[in-house]
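Asker: Got a predicted structure plus its sequence, pasted below:
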Amino acid sequence: MISINGITVSFGAYTLLDNVSFHISDKEKVGLVGKNGAGKSTIMKIIMGEQTPASGSVTKPNGIDIGYLPQIMEHHHGHSVIEEALSAFEELNRLNAKLEGIKVELAERTDYESNGYLHIISEMNEVSDRIACYGNETPRVRAEKVLLGLGFKPYELDRLTDTFSQGWNMRIELAKVLLRNPDVILLDEPTNHLDIESIQWLEDYLKTFGGSLVLISHDRRFLDSCTTRTIEIVLGHIYDYKASYSHFIELRKERIAQQKAAYENQQRMIEKTEDFIAKFRYKPTKSNQVQSRIKALDKIDRIEMDEEDLSQINFKFPPAPRSGDAVFTAEDVKAGYVCDDPDDPRVEDGMKIVLRDSNLMVRRGEKVAFVGRNGEGKTTMLRVIVGELPVLEGKASLGYNVDLGYYAQNQEDILDKSDTVYDTLDKVAVGDIRFRLKDILGSFLFHGEDVDKKVAVLSGGERSRLAMAKLIVRPHNLLALDEPTNHMDIRSKEVVKNALKRFDGTLIIVSHDRAFLDGLVDVIYEFRDGEIRKNLGGIDDFMRRKKIESMAEFEREEIELKVANEKKDIAKEISVNAEGTMSREKQREERRKENKRKRLESEIDKLERKMKEMESVLSAPTPQTDIMQLTRDYLELKRDVDAKTDEWASL
């Protein structure tokens, strides 16, 4: 489908990509991995035509539709969330208009046997097939489902996009890409601004997506769930594996081990041959054997070891001073921030109340995760803990002898862009450690002239590393980290995770990265619907208890809530009408509608029971289960349910 042919990208004497070639086939799911700065985003930009390589080319079929979500993008303002999402259906609207035009033309023609008439029929069939690819649901229903799946609340859909943060606008752009239903989707770090439940929904969506996918992500589980092929970029070259990310890691280890063994064996053989030649070169009786071995050496196809990029951050946190048993306590806390949105039900007197009557206690030595949908109060509580946000009611306090180290999500605003890398650490370092700042920066991959770079020119990954370095130049016994891994590559995340596991103080972390949290935290506070619920155990235990296997459950909850509310409205309307003087004709019409509603409710109930049976099979398939066919049947049933639900709602 898409061929990348001999791409080379250079910046002066530095070669980022060196004669890179690969092919993306129809319906293939590809994970593009490598360290920060390896060239992953550059490849996507070249595919989209946004960047031109020094040499090489990209071949794409004519008319191919590619949906692209970059890391940094322009957001459209002046529209509501739902209006902006519906703009994704411009192509569908164009196709519908074209189909109507064809129908008008056919109605006016009578030359049924002519080539021109047959050509129009063929064109109508082609346009109808393309329209069918968008499914049976109306654009608004589809848009609402995708937006709700990505974490928007129903009352937020009519709000202007201008009133949302950059992260939420990114979700709108992601929704537009998905709603277009393109032939190929390119996603560059789509999970950076998503919470765990939205990531789960996106996973389920991409699993059933019928086109090709190229995905850049530092979320190992997300890659494993969504991709079946992994292309690694290392020092300008690529290594292509027909495997998911976790399987790729094992295959890469095997490849390197086999290559190393073959290289060492060949080197031993060459060394022995050269010793023989040197020893008997001048002995007449051995001259034939010497010449034979010299020729053999010349013909050897010498094995070369692939160059590996082994650079990685390497650090540990200093020992934590002892604190009191209660590290942080919140009692009946009410907290929020200034907001003048009249449509938000949580706004009171110009303040959006995010936390109300909230209680929690973090004890010494605990490693705690705050999880939940964005906007439920995780970062708000973290800002209360670090003293950035005063509480409106209740009490919130740090415990005895607590020394807090804080990693904020918005490093863009926290770090002083006018400082150099060295100055950033020098400002916070105390004691003898000031003489080791260059060594510390070296352990975070800032070498040589890097320490004199201004913060303003650093990449997102470099700023993340620098912010983490700030936390180790003085001893803390409480670390509060807000999405610390958003811009880190997978290897760097593993190093940070291992350092945090060895940290002997208290940890509070906000993160949506399940692989990062797995094995790191032992207490989870879930922020949901204005409440904070404590869960003992790791992230996998929490997700099993919550039964968060698919965001389809969330979709069904939303639909069921909508249906329940509509049933109440209908029952109220029937009651009011019964008390009035309804005409016999209107009564008959209402009975007819009521009978049809009951019939549809019965059919929907049967279909949903079938779907639940299929879900139980899909959650634990046997070797004999035809997963692809079962998935297709499931999606067909889901379309039937959606269509009947729409018909029911229209009544």
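Answerer: Cool, got the structure.
Asker: Could you pull up the contacting residues of the nearest residue to N486 once chain neighbours are set aside?
Answerer: Closest residue to N486 apart from its sequence neighbours, by Cβ to Cβ, 6 or more residues apart in numbering: N192 at 5.0 Å. C-beta here means a position set from N, CA and C on the backbone, and glycine is covered the same way. By Cβ atoms under 8 Å, 6 or more residues apart in numbering, the contact set of N192 is Q71, G167, M170, N486, H487.
Asker: next one: K29
Answerer: L206, S212, L213, L215, C226, T227, T228, R229.
Asker: Going by neighbour count, which of those are buried?
Answerer: Buried members of those, scored by 16 or more other Cβ atoms under 10 Å, are L206, S212, L213, L215, C226, T227, R229.
Asker: In JSON lines: those, plus distance to A88, secondary structure and pLDDT.
Answerer: Listed next are those as JSON lines, based on distance: Cβ to Cβ, whole Å; DSSP: H, G, I helix; E, B strand; the rest coil; pLDDT from 0 to 100:
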{"residue": "L206", "distance to A88": "17", "secondary structure": "helix", "pLDDT": "93"}
{"residue": "S212", "distance to A88": "18", "secondary structure": "strand", "pLDDT": "93"}
{"residue": "L213", "distance to A88": "17", "secondary structure": "strand", "pLDDT": "95"}
{"residue": "L215", "distance to A88": "20", "secondary structure": "strand", "pLDDT": "94"}
{"residue": "C226", "distance to A88": "21", "secondary structure": "helix", "pLDDT": "92"}
{"residue": "T227", "distance to A88": "24", "secondary structure": "coil", "pLDDT": "94"}
{"residue": "R229", "distance to A88": "27", "secondary structure": "strand", "pLDDT": "94"}
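Asker: Could you dump the residues you listed into a markdown table and include distance to E50?
Answerer: Formatted as a markdown table, the buried ones among the contacts of K29 follow (distance: Cβ to Cβ, whole Å):
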| residue | distance to E50 |
| --- | --- |
| L206 | 23 |
| S212 | 19 |
| L213 | 19 |
| L215 | 18 |
| C226 | 23 |
| T227 | 23 |
| R229 | 24 |
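Asker: which residues in the stretch 101-250 of the chain form helices?
Answerer: Along the stretch 101-250 of the chain, counting by DSSP state H, counting those that start in this stretch, helices occupy 115-132, 139-149, 166-180, 196-207, 220-226, 245-280.
Asker: so is E84 in a helix, a strand, or just coil?
Answerer: helix (DSSP: H, G, I helix; E, B strand; the rest coil).
Asker: Correction: the previous question concerned K27.
Answerer: Here K27 is recorded as coil under three-state DSSP.
Asker: Please report the distance of the nearest residue to it once chain neighbours are set aside from L194.
Answerer: Residue nearest to K27 in three dimensions, not counting chain neighbours: S212, with 5.9 Å by Cβ to Cβ, 6+ apart. Per Cβ to Cβ, to the nearest Å, S212 is found 22 Å from L194.
Asker: For D569, give me the pLDDT.
Answerer: At D569 the predicted local distance difference test score is 57.
Asker: let me fix that: A320
Answerer: According to the model, A320 carries a pLDDT of 90.
Asker: any idea whether it is helix, strand or coil?
Answerer: coil.
Asker: how deep is it tucked in, by neighbour count?
Answerer: Around A320 there are 19 other residues, counting by other Cβ atoms under 10 Å.
Asker: who's in contact with the closest residue to it other than its chain neighbours?
Answerer: Closest residue in space to A320, ignoring its immediate chain neighbours: G505 at 3.1 Å, by Cβ to Cβ, 6+ apart. Going by Cβ under 8 Å, 6+ apart, G505 touches F317, A320, S323, G365, H476, N477, L478, L479.
Asker: now L425
Answerer: By Cβ under 8 Å, 6+ apart, the contact set of L425 is L437, I440, L441, L466, A469, K470, V473.
Asker: Same check on P139?
Answerer: Counting by Cβ under 8 Å, 6+ apart, P139 makes contact with L86, F89, L92, L179.
Asker: Could you find the closest non-adjacent residue to the last one?
Answerer: What it means is L179. Nearest to L179 is A88, by Cβ to Cβ, 6+ apart, at 3.9 Å.
Asker: pretty sure that neighbour is in contact with E173, am I right?
Answerer: No - counting by Cβ atoms under 8 Å, A88 does not reach E173; the two are 9.7 Å apart.
Asker: quick one: buried residues of stretch 325-334?
Answerer: Residues of stretch 325-334 classed as buried: V327, F328, T329, A330, V333, K334 (neighbour count, 16+ other Cβ under 10 Å).
Asker: Residues contacting that stretch, please?
Answerer: Residues from elsewhere that reach stretch 325-334 (Cβ under 8 Å, 6+ apart): 353, 355-364, 366, 381, 384-385, 391-400, 402, 477-478, 506, 508.
Asker: run the last query once more with 6 Å
Answerer: Here stretch 325-334 makes contact (Cβ atoms under 6 Å, 6 or more residues apart in numbering) with 355-364, 385, 391-399, 402, 478, 506.
Asker: now that stretch, how far from the chain's geometric center?
Answerer: From the chain centre to the centre of stretch 325-334 is a distance of 32 Å (Cα atoms, centre = their mean, to the nearest Å).
Asker: for stretch 113-131, same thing?
Answerer: Using Cα atoms, centre = their mean, the offset of stretch 113-131 from its chain centre is 41 Å.
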